[in-house]
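Trainee: missing the sequence, but the structure's below:
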């Protein structure tokens, strides 16, 4: 998210609906706190607003709402739908001769959804080289490891066979992320899929690689420990 | 932005995530929203 919002995306925080902006679809909408934190850091709204997350009166709900939150390009939460929407944005850009790019973040558990692969066929059919898919491959979903639930591996071979330019990177290495985005921009006539190998809860020792922290809030002691470690 | 600056931004984003979920720890109510552009799905 840091590389996207501070290096890659061509966006204007003071004009969230700028027609020429790059688009981002956070298909794994349950990661909304990461999106909100990035948008606030970029200046779309105040960091103070983050304190209202999931409050009934707040616009920052558990899943992102494009009608309520500046900078959110697509509402999401029902998993498996984001790539279809991103395809539509990318096709629209080509039809309108606009040079914006479209980014779509998928979860490695989410790609067990069949609609993802229907959409992947369309990404290839329409030669969407203005589309960059990022798979957050932390190997965990809410019920356990990817292999235990419904293995989506080999993710790279699957996207390759669907006609994507596939790049596998360390999803915590800023240099590799930047290079991958550059590679995607240079790739013509096919969409790109970046498989970002990540660690859930990275940077906080007791959260790292634990499926139990998929959607759980820390208590006060854990909160203080987490901030200390970060 | 250089690598070091991006790493600092990533750290700030992580802090923002932790703060949000910590402060929301007792909020069980979620607002139901309806968005026709999401195929009529309920987002909750």
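Mentor: Perfect, thanks for sending it. This structure is a prediction, so every number in the text was calculated from the model and none was measured.

Trainee: all contacts plus neighbour counts: C-alpha atoms, from now on.
Mentor: Will do.

Trainee: Let me know the pLDDT of residue A:188.
Mentor: In this prediction, residue A:188 carries a pLDDT score of 98.

Trainee: so it sits right up against residue A:129, yeah?
Mentor: Yes. Under the criterion of CA atoms under 8 Å, residue A:188 is in contact with residue A:129, at a separation of 5.4 Å.

Trainee: check contacts around residue A:100.
Mentor: For residue A:100, the contact set (CA atoms under 8 Å, 6 or more residues apart in numbering or on different chains) comprises A:10, A:20, A:21, A:22, A:23, A:93, A:130.

Trainee: go on, residue A:126?
Mentor: For residue A:126, the residues meeting the contact criterion (CA under 8 Å, 6+ apart) are residue A:91.

Trainee: where's it relative to residue A:113, distance?
Mentor: Taking CA to CA, to the nearest Å as the measure, residue A:126 falls 21 Å from residue A:113.

Trainee: Next, the buried residues of stretch A:58-75.
Mentor: Counting neighbours by 16 or more other CA atoms under 10 Å in any protein chain shown, one finds that the buried residues in stretch A:58-75 are A:58-66, A:69-75.

Trainee: close to chain B, is that stretch?
Mentor: Yes. Using CA under 8 Å from any CA of the partner chain, a contact is recorded between stretch A:58-75 and chain B, made by A:61, A:62, A:63, A:65, A:75.

Trainee: so how far is that stretch off the chain centroid?
Mentor: Taking CA atoms, centre = their mean, to the nearest Å, one finds the center of stretch A:58-75 at 14 Å from the center of the full chain.

Trainee: tell me how far the ends of it are from each other?
Mentor: The straight-line separation of the ends of stretch A:58-75 (CA to CA) is 16 Å.

Trainee: now, which of the buried residues of stretch A:58-75 sits nearest residue A:122?
Mentor: Checking the buried residues of stretch A:58-75 against residue A:122 with CA to CA, the nearest one is residue A:74 at 19.0 Å.

Trainee: More neighbours: which of residue A:188 and residue A:129?
Mentor: Under the criterion of other CA atoms under 10 Å in any protein chain shown, the comparison of residue A:188 against residue A:129 puts residue A:129 first, with 24 against 13.

Trainee: That one against residue A:183, yeah?
Mentor: No. Counting by CA under 8 Å, residue A:129 does not reach residue A:183; the two are 11.1 Å apart.

Trainee: can you list the residues of chain A near chain B?
Mentor: So far as CA under 8 Å from any CA goes, chain A lies against chain B at A:1-3, A:6-7, A:33-34, A:37-38, A:41, A:50-56, A:61-63, A:65, A:75-78, A:174-175, A:216-220, A:223, A:226-227, A:230.

Trainee: Any of the residues you listed buried? List them.
Mentor: Here, 16+ other CA under 10 Å leaves A:1-3, A:6, A:33-34, A:37-38, A:41, A:50-55, A:61-63, A:65, A:75-78, A:174, A:217-218, A:223, A:226-227 buried among the residues of chain A next to chain B.

Trainee: On the three-state scheme, the spatially most central residue of chain A is what?
Mentor: To find the centre residue of chain A, average its C-alpha atoms and take the closest one (CA atoms, centre = their mean): that gives residue A:105, at 2.6 Å. Of the three states, residue A:105 takes strand according to DSSP: H, G, I helix; E, B strand; the rest coil.

Trainee: How confident was the prediction at it?
Mentor: 97.

Trainee: now it: how far from residue A:28?
Mentor: The span separating residue A:105 from residue A:28 equals 7 Å under the rule CA to CA.

Trainee: Common neighbours of the two, please.
Mentor: Shared between the contact lists of residue A:105 and residue A:28 (criterion: CA under 8 Å, 6+ apart) are residues residue A:82.

Trainee: Okay, buried residues for the helix or strand that contains residue A:147 please.
Mentor: Here residue A:147, judged by DSSP states H and E, is contained in helix A:146-150. Residues of helix A:146-150 classed as buried: residue A:146 (neighbour count, 16+ other CA under 10 Å).
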